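A.B. asks: Turn this into a model:
(one chain, ligands or ions: 3)
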Amino acid sequence: MRIGVCDTTFARFDMGGAAIDELKSNATDLKIIHKTVPGIKDLPVASKKLIEEEDCEIVMALGMPGPMEKDKMCAHEASTGLIRAQLMTNTHILEVFVHEDEEEKDDLLKELAENRSREHARNLLKMMFTPKQMQKEAGMGMREGKEDAGPL
Ligand code: RDL
Ligand code: RDL
Ligand code: RDL
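C.D. replies: Ligands and ions are numbered 1, 2, ... in the order given. A predicted model of the protein is given here:
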């Protein structure tokens, strides 16, 4: 299976590296095509190219929206673009965003970025290889990078 991984230089942690490591540790026979762009607004077209020009069956788009109001606007625009790219190609692009203001301390932000990237990588493998396993988790309050909220 061909999997696209697209990350940014803006991010303050190597989210793509963590995702690729997690994918490779949990599956064999993966061909991973990795592209890096400057920032999250560049992810939609890079992801679409991974699907259309590199024949990826699914893509992870990883990035870090900054803490300012303009960064949040930027994240919303990037997200809208990623959804549009998915609809245009009928292909999943897992959006893995870690907002810089989700944690105050650098070491906690680093841990969150690493854990969220790895957990979304495992989500990808579940979606592609063991969808029944994912179905078992329906309604379970799953989260990525932090504690699960859990079921009611
Ligand atoms: O196309 C070049 C840039 O416009 C693009 O890379 C943007 O995504 C860069 N960028 C911003 O311009 C901005 O105001 C980013 C952020 N905020 C941000 O919070 N996170 C990013 N990029 O990854
Ligand atoms: O593509 C992978 C994820 O980006 C996607 O599954 C999102 O819908 C996950 N998600 C968030 O990233 C978020 O910030 C969700 C929420 N909030 C939310 O409130 N409810 C969700 N997903 O179901
Ligand atoms: O329940 C607490 C958090 O899950 C909630 O604050 C989310 O909005 C945090 N979050 C993001 O901001 C985001 O951009 C999440 C994701 N992406 C995500 O992919 N998965 C999450 N939270 O569990």
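
A.B. asks: residues in contact with the host helix or strand of residue 62?
C.D. replies: Following DSSP states H and E, one finds residue 62 within strand 58-63. By C-beta atoms under 8 Å, 6 or more residues apart in numbering, the list of residues contacting strand 58-63 from outside reads 3-8, 10-11, 15-16, 19, 39-40, 43-44, 46-47, 50-51, 78, 82, 91-98, 117, 120-121, 124, 127-128. In this view, the C-beta of every residue, glycine as well, is placed from N, C-alpha and C.

A.B. asks: now stretch 40-51
C.D. replies: By C-beta under 8 Å, 6+ apart, stretch 40-51 touches 4, 6, 8, 10, 33, 35, 37, 56, 59, 61, 63-65, 74-75, 77-78, 81-82, 84-85, 88-89, 91, 93, 97.

A.B. asks: do it and ligand 3 meet?
C.D. replies: No - against ligand 3, stretch 40-51 shows no contacts by C-beta under 6 Å from any ligand atom, the least distance being 10.5 Å.

A.B. asks: Buried by neighbour count: which residues of that stretch qualify?
C.D. replies: 40-44, 46-51 (16 or more other C-beta atoms under 10 Å).

A.B. asks: mean confidence for whichever strand or helix holds residue 51?
C.D. replies: If you go by DSSP H and E, residue 51 is part of helix 43-52. Mean pLDDT, helix 43-52: 98.

A.B. asks: so which strand or helix has the residue nearest the centre of the chain?
C.D. replies: Centroid-nearest residue in the chain: residue 96, 2.9 Å away (criterion: C-alpha atoms, centre = their mean). Taking DSSP H and E as the definition, residue 96 sits inside strand 93-97.

A.B. asks: now that strand against strand 58-63, angle please.
C.D. replies: 20 degrees (axes from the mean of the first three to the mean of the last three C-alpha atoms, to 10 degrees).

A.B. asks: Show me how far the next helix or strand along the chain from strand 93-97 is from its chain's centre.
C.D. replies: The helix or strand immediately downstream of strand 93-97 is helix 106-129, counting by DSSP H and E. How far helix 106-129 lies from its chain's middle: 8 Å, per C-alpha atoms, centre = their mean, to the nearest Å.

A.B. asks: Check which residues of helix 106-129 are buried.
C.D. replies: 109, 112-114, 116-126, 128.
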